[in-house]
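> quick one: sequence and predicted model below, then my questions.
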Amino acid sequence: MQWPRSRKILEAPCLATPRRAAHNAFVLAGAGLMENSDLAVLIPKPDFAYLDLRYFLGVLNSRPLDLWMAHRGKPKGLLREYFSTPL
């Protein structure tokens, strides 16, 4: 870790994806995920905490968003990079 993480962030449910993948591959991670540098983790802001993460999971893994990432994401060889800017 480059800086200390808030306990609230580590205990919140989140969406996770590999930082490099051939296609969108998001998963719903329960509370207590201890991520490393190979994962991008999406945690809802408090204003959106009432929304169900499964809806976002469906959108992020959808074919239209996969096509969008194929054209707008940053290629890295045969893979795409999933960092904060394209997400």
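Structure received.

> what's stretch 50-64 in contact with?
Counting by Cβ atoms under 8 Å, 6 or more residues apart in numbering, stretch 50-64 makes contact with 13, 14, 15, 17, 24, 25, 26, 27, 28, 42, 44, 65, all of which sit outside it. For the C-beta atoms, the positions are set from N, CA and C on the backbone; glycine is no exception.

> what lines up beside the helix or strand containing the third one in the sheet?
Assigned by DSSP states H and E, residue 15 belongs to strand 14-18. Within its sheet, and counting by DSSP bridges, strand 14-18 is paired with strand 27-29 (antiparallel), strand 39-42 (antiparallel).

> what's in contact with it?
Here strand 14-18 makes contact (Cβ under 8 Å, 6+ apart) with 24-29, 33, 35, 38-44, 53, 56-57, 60, 82.

> 6 Å instead?
Residues outside strand 14-18 that contact it (Cβ atoms under 6 Å, 6 or more residues apart in numbering): 25, 26, 27, 29, 39, 40, 41, 42, 43, 53, 57, 82.

> quick one: residue 85 from residue 63, how far?
Using Cβ to Cβ, to the nearest Å, residue 85 is found at 22 Å from residue 63.

> can you tell me how far the residue nearest to residue 81 when sequence neighbours are not counted sits from residue 41?
Computed as Cβ to Cβ, 6 or more residues apart in numbering, the closest residue to residue 81 that is not its neighbour in sequence is residue 74, at 4.5 Å. In this structure, residue 74 and residue 41 are 18 Å apart, going by Cβ to Cβ.

> can you say which two of the contacts of strand 14-18 are spatially most distant?
Between all members of the contacts of strand 14-18, the longest pairwise span (Cβ to Cβ) is found for 25 and 43 and amounts to 17.8 Å.

> which of those two has more neighbours?
Neighbour comparison, residue 25 and residue 43: the larger count goes to residue 43, with 19 against 13 (by other Cβ atoms under 10 Å).

> list the residues that contact that one.
Taking Cβ under 6 Å, 6+ apart as the criterion, residue 43 is in contact with 9, 12, 14.

> apart from its chain neighbours, what residue comes closest to it?
With sequence-adjacent residues excluded and distances taken as Cβ to Cβ, 6+ apart, residue 43 is closest to residue 14, at 4.6 Å.
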